[in-house]
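> Here is the input, now give the coordinates:
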Amino acid sequence: MERSTQRGPGPASRTLAGFIFASRWLQAPLYLGLIIAQAVYVVLFFVELWHLIEGAILEGHISETEVMLSVLALIDIVMIANLLIMVIIGGYETFVSKIRVEGHHDEPDWLSHVNANLLKVKLAISIISISSIHLLKTFIEVGRMDGGLVHNANGTVLYSWDGVLWEVVIHLAFIVSALALAWIDKMSHQHPAAPKNEQLTAGRLEASLRDPVPAPAADGYVTVRLPAGSQLPEGARILE
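Numbering: from 1, shown residues only. Below is the predicted model:
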């Protein structure tokens, strides 16, 4: 038996690897920026809510359709805020550092097993929900379509038959993308990748030498290289 003297990466390689690993913290300001964007959506939500209260209660001239559109706008803001929360928490947990909220009563159920594939699937589902809200608003608006067009108070075209058709096509594309991501995630769980850097122990070495047995060299010895620090099988010796 010949023992390998290779001990692993040197100090320079370990330092470079540590520096590259620490570069993940460059993403932390991005998630802080998303928190600020979420605060903007909170302000926008209350602005839209005030417009709804002002038009429906204080002035009393808003119709049922306008109330429905305003409520859908509020739901749209909430859905986008949920998407932001999912990206902030899930992305930080997956790519930057552990949040460590185990045992907290408000810990999300999906956070304990979040990974990149699961995060993509959940984001796709959230995008489909947001697209559904926009599509529902469009269907409500096209109820007053005249000549294939919907105009606002200023005469500007808001919707057309071609525009509605493309919205439906884009929404279906979102659904197909989500199904594809879910299928890929399912396939990755059915066929897990083989473990890397599996250490070779004496037992595994003995099992591998039973059948087939390596052909002996001209001097009658079988030479096998082992990682440094591995335990030698019974009967083996080191050649100087």
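> Please report how far residue 175 lies from residue 123.
As judged by CB to CB, to the nearest Å, residue 175 and residue 123 stand 14 Å apart. (Each C-beta comes from the backbone N, C-alpha and C, glycine too.)
> Likewise for residue 149?
Separation of residue 149 from residue 123 (CB to CB) stands at 34 Å.
> mind checking which helix or strand the residue nearest the centre of the chain is in?
Nearest residue to the geometric centre of the chain (CA atoms, centre = their mean): residue 119, 2.7 Å. Using DSSP states H and E, residue 119 falls within helix 116-141.
> Equivalent analysis for residue 182, please.
Using DSSP H and E, residue 182 sits within helix 161-190.
> For the longest helix that the chain contains, buried residues please.
Scanning the chain for the helix with the most residues, using DSSP state H, yields helix 64-95. For helix 64-95, the neighbour count (16 or more other CB atoms under 10 Å) marks 69-70, 73-77, 79-81, 83-84, 86-93 as buried.
> what does stretch 120-127 give?
Across stretch 120-127, burial judged by 16+ other CB under 10 Å covers 120, 121, 122, 123, 124, 125, 126, 127.
> outside of that stretch, which residues touch it?
79, 82-83, 86-87, 90, 110, 174, 177-178, 181-182, 185 (CB atoms under 8 Å, 6 or more residues apart in numbering).
> from those residues, which has minimum pLDDT?
Among those, residue 110 carries the weakest pLDDT, at 69.
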